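Novice: The following comprises the amino acid sequence and a computationally predicted model.
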Amino acid sequence: MTTLLGVPQISQTLLEDLDRVGRKYARWTPQAYFELGGSYLVEYCRGNLEILPMPTMAHQRIAAMLYSSLRAAAPAGGDVLFAGTRVKVADETYREPDVLYIPAERVSREQEEYTEHPAIVIEVVSESNRDHDLETKRREYAQAGIPEYWIVDPGLSLITVLKLQGKRYAVHGEFKPGQTAASAILPAFTIDVSACLAPAKR
């Protein structure tokens, strides 16, 4: 079964790839999911493909700014990656955050097709898909033991930084325009909220 989140438009290329892989496997499995090649915004959750809405230009500009800031702050040897990178959050679930950071000591443990060890994941909230980032992914990233989760919400003009405490996230900070959002685990990673969210106001 394939779930459409936010009823996005599906390219002909993706439709053809879904048909090609779907004919090969009796059901959608992680192996079948990996055969899609990673060139689409598609997540996998317990036998379902979840096709994500294509990001807007504002979404992409915000994500690019976050990526640049995080990359500049990341210690040498770590990886800073962006959407299309699969994160395994459970045995049968893979997500694709907008931006993520993998510390140097975890890089060598990564698989070619996915990672299990990011220290920071960042999602830029899409209006057509709010609950996915605010609720579903918050729960899944915490259960996966990811130390820090940033929710960047252009609609509310808010950046929420969550830090893992036990098996749940606690709010490290809620940052509004005029403030500077700061990481709990990577002190050098900060970003001016007004500048970050400016593309959403154009």
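Specialist: Received it, and whenever you're ready, just let me know what you need.

Novice: Beyond the helix of greatest length in the chain, next helix or strand please.
Specialist: If you go by DSSP state H, the chain has its longest helix at helix 57-73. Once the chain leaves helix 57-73, the next helix or strand it forms, by DSSP states H and E, is strand 79-82.

Novice: pLDDT (mean, whole number) over that next one?
Specialist: Computed over strand 79-82, the mean pLDDT rounds to 95.

Novice: who does that strand pair up with?
Specialist: Its sheet considered, strand 79-82 pairs with strand 99-102 (antiparallel) by DSSP bridges.

Novice: Setting the sequence-adjacent residues aside, check what's closest to Ser11.
Specialist: Excluding the flanking residues, the one nearest Ser11 by C-beta to C-beta, 6 or more residues apart in numbering is Tyr40, at 7.8 Å. For every residue, glycine as well, the C-beta is placed using N, CA and C.

Novice: Surely that neighbour and Leu14 touch.
Specialist: Yes - Tyr40 is within contact range of Leu14, at 5.1 Å (criterion: C-beta atoms under 8 Å).

Novice: any common contacting residues for those two?
Specialist: Common contact partners of Tyr40 and Leu14 (C-beta atoms under 8 Å, 6 or more residues apart in numbering): Ile51.

Novice: how many neighbours does the residue nearest to Ser11 have?
Specialist: Per other C-beta atoms under 10 Å, the neighbour tally for Tyr40 reads 18.

Novice: In contact with it, which residues are there?
Specialist: Residues near Tyr40 by C-beta under 8 Å, 6+ apart: Ser11, Leu14, Asp17, Ile51.

Novice: what two of those residues are the furthest from one another?
Specialist: Asp17 and Ile51 (11.5 Å; C-beta to C-beta).

Novice: Tell me which of these two has more neighbours.
Specialist: Using other C-beta under 10 Å, the more surrounded residue of Asp17 and Ile51 is Ile51, with 20 against 17.

Novice: The helix or strand of the chain with the lowest mean pLDDT: what's the following helix or strand?
Specialist: Lowest on mean pLDDT, DSSP states H and E among the helices and strands of the chain sits strand 2-4, with a mean of 52. Later in the chain than strand 2-4, the nearest helix or strand by DSSP H and E is helix 12-24.

Novice: now for the helix or strand that that following helix is followed by, which elements pack on it?
Specialist: Downstream of helix 12-24, the first helix or strand assigned by DSSP H and E is helix 30-34. Where contact means 3 or more C-beta pairs under 8 Å, 6 or more residues apart in numbering; DSSP states H and E, helix 30-34 is packed against helix 12-24, strand 42-45.

Novice: swap the cut-off to 6 Å and go again
Specialist: Using 3 or more C-beta pairs under 6 Å, 6 or more residues apart in numbering; DSSP states H and E, no helix or strand is in contact with helix 30-34.
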